[in-house]
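Engineer: sequence and predicted structure are below.
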Amino acid sequence: MYKVIFTQRALKDLDDLDKVMQNRIAEKLKECAKHLRYAWNVIRNARDRLSIRKPKV
């Protein structure tokens with residue numbers, strides 16, 4: 001939740017920041033996306049191994 005709020009604020013104020021700070025924020029966002037992608041892959045693989053299907057809503 002904290003990361004989501006941080007990124008929303010960061011994107012809103014991105015134009016007011018200098019290039020160094022913009023690059024830092026971009027690197028953090030890339031890192032978060034990489035961790036999230038890894039987490040989804042782990043979940044998908046666990047579901048496949050355990051034959052658990054995603055519930056239909």
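Structural biologist: Everything's here; your move.

Engineer: who are the packing partners of the strand or helix carrying Asn41?
Structural biologist: Here Asn41 sits within helix 19-50, counting by DSSP states H and E. The contact analysis (3 or more CB pairs under 8 Å, 6 or more residues apart in numbering; DSSP states H and E) places helix 19-50 against helix 2-12. (C-beta placed from N, C-alpha, C; glycine too.)

Engineer: at 6 Å what do you get?
Structural biologist: Here helix 19-50 touches no other helix or strand, going by 3 or more CB pairs under 6 Å, 6 or more residues apart in numbering; DSSP states H and E.

Engineer: per-residue confidence averaged over that helix?
Structural biologist: Helix 19-50 shows a mean pLDDT of 84.

Engineer: which parts of that helix are buried?
Structural biologist: Buried residues in helix 19-50, counted by 16 or more other CB atoms under 10 Å: Ile25.

Engineer: could you measure from Asn45 over to Tyr38?
Structural biologist: 11 Å (CB to CB, to the nearest Å).

Engineer: ok, Arg24 next?
Structural biologist: With the distance defined as CB to CB, Arg24 ends up 21 Å from Tyr38.

Engineer: next one: Glu27
Structural biologist: On the measure of CB to CB, Glu27 and Tyr38 end up 17 Å apart.

Engineer: cool, and Lys28?
Structural biologist: Noted for Lys28: a distance of 16 Å to Tyr38, by CB to CB.

Engineer: likewise for Glu31?
Structural biologist: 11 Å.

Engineer: cool, and Arg47?
Structural biologist: From Arg47 to Tyr38 the distance is 15 Å (CB to CB).

Engineer: ok, now Leu17?
Structural biologist: With CB to CB as the criterion, Leu17 and Tyr38 are 28 Å apart.

Engineer: and what of Ser51?
Structural biologist: Between Ser51 and Tyr38 the distance is 22 Å, computed by CB to CB.

Engineer: swap in Lys30?
Structural biologist: Applying CB to CB, the value for Lys30 to Tyr38 is 13 Å.

Engineer: what's the answer for Lys19, then?
Structural biologist: For Lys19 relative to Tyr38 (CB to CB), the value is 29 Å.
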